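**Q** Below are the sequence and a predicted model; questions follow.
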Amino acid sequence: GAVVSQHPSRVICKSGTSVKIECRSLDFQATTMFWYRQFPKKSLMLMATSNEGSKATYEQGVEKDKFLINHASLTLSTLTVTSAHPEDSSFYICSANRDFSYNEQFFGPGTRLTVL
Amino acid sequence: GNSVTQMEGPVTLSEEAFLTINCTYTATGYPSLFWYVQYPGEGLQLLLKATKADDKGSNKGFEATYRKETTSFHLEKGSVQVSDSAVYFCALRAVGTGGGADGLTFGKGTHLIIQP
């Protein structure tokens, strides 16, 4: 199968601090990964497309300076929430496309971020 | 822009009942359509997909047919089981101008509860 992991699964931080979330494709290469945000009782919202070796592409309304994305290798993308505030509290989910197979995305289990 | 509308739950059915979860979409061009399922405490899993008009996706007794004329992709199952209790998301992937991978646009999700 195609497994995507996320770490940590839960994180609680103080307002003003930064938090890094990792997304790894465990058994396949992923040139492209995606970051989503899920609000309670609402759909997943695409935040950005993470491209290995190049800058991420952010969706309209997503602050690129607040949500830093780095795709350092073909199996790892990181999302850093900088200077976190309580309104950043949410469920963050990553997904990855297996290279050359664009019609299926494999999702990580998500990271619950709580900012106090 | 692209959007997906699906019936919001919770939808509560008895075991062996017939299930329909409606999904309609708005998109330019010819998107690929998906149903994802999220079981409690787990990440999203692809349930089925269809990539062109009149295609029928099927898996685990679930079916959905890509209807271009009604821009719909309704999910059906003839006889549901308690184990089908989960949140179901309809999603689309629009065809990007440059080809390659594109993020998904999701509906809000439908919480399905099957009672024994």
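**A** The structure has been received and is ready for your questions. Here the structure is a predicted model, which means the values were calculated and not measured. Residues are numbered from 1 along each chain as shown, chains lettered A, B, ... in the order given.
**Q** continuing past the helix or strand encompassing residue B:37, what's the next helix or strand?
**A** Element membership for residue B:37 (DSSP states H and E) is strand B:32-38. Using DSSP H and E, the next helix or strand after strand B:32-38 towards the C-terminus is strand B:44-50.
**Q** for the following helix or strand past that following strand, what is the average pLDDT?
**A** Where DSSP H and E defines the elements, the next helix or strand beyond strand B:44-50 is strand B:56-59. Mean pLDDT, strand B:56-59: 96.
**Q** which residues touch strand B:56-59?
**A** B:33, B:35, B:47, B:48, B:49, B:50, B:63, B:64, B:65, B:66 (C-beta atoms under 8 Å, 6 or more residues apart in numbering or on different chains). Using the backbone N, CA and C atoms, a C-beta is placed for each residue, glycine as well.
**Q** contacting residues around the third one?
**A** The neighbours of residue B:47, taking C-beta under 8 Å, 6+ apart as the test, are B:34, B:35, B:36, B:37, B:59, B:60, B:62, B:75, B:88.
**Q** wait, the fourth one sits on residue B:83?
**A** It refers to residue B:37. No: using C-beta atoms under 8 Å as the test, residue B:37 is too far from residue B:83 to be in contact (11.0 Å).
**Q** Low-confidence ranges, chain A, go.
**A** A:99-103 (pLDDT under 70).
**Q** for chain B, what are the nearby residues on it?
**A** A:4, A:31-32, A:34, A:36, A:41-46, A:49, A:59, A:93, A:95, A:97, A:102-110 (C-beta under 8 Å from any C-beta of the partner chain).
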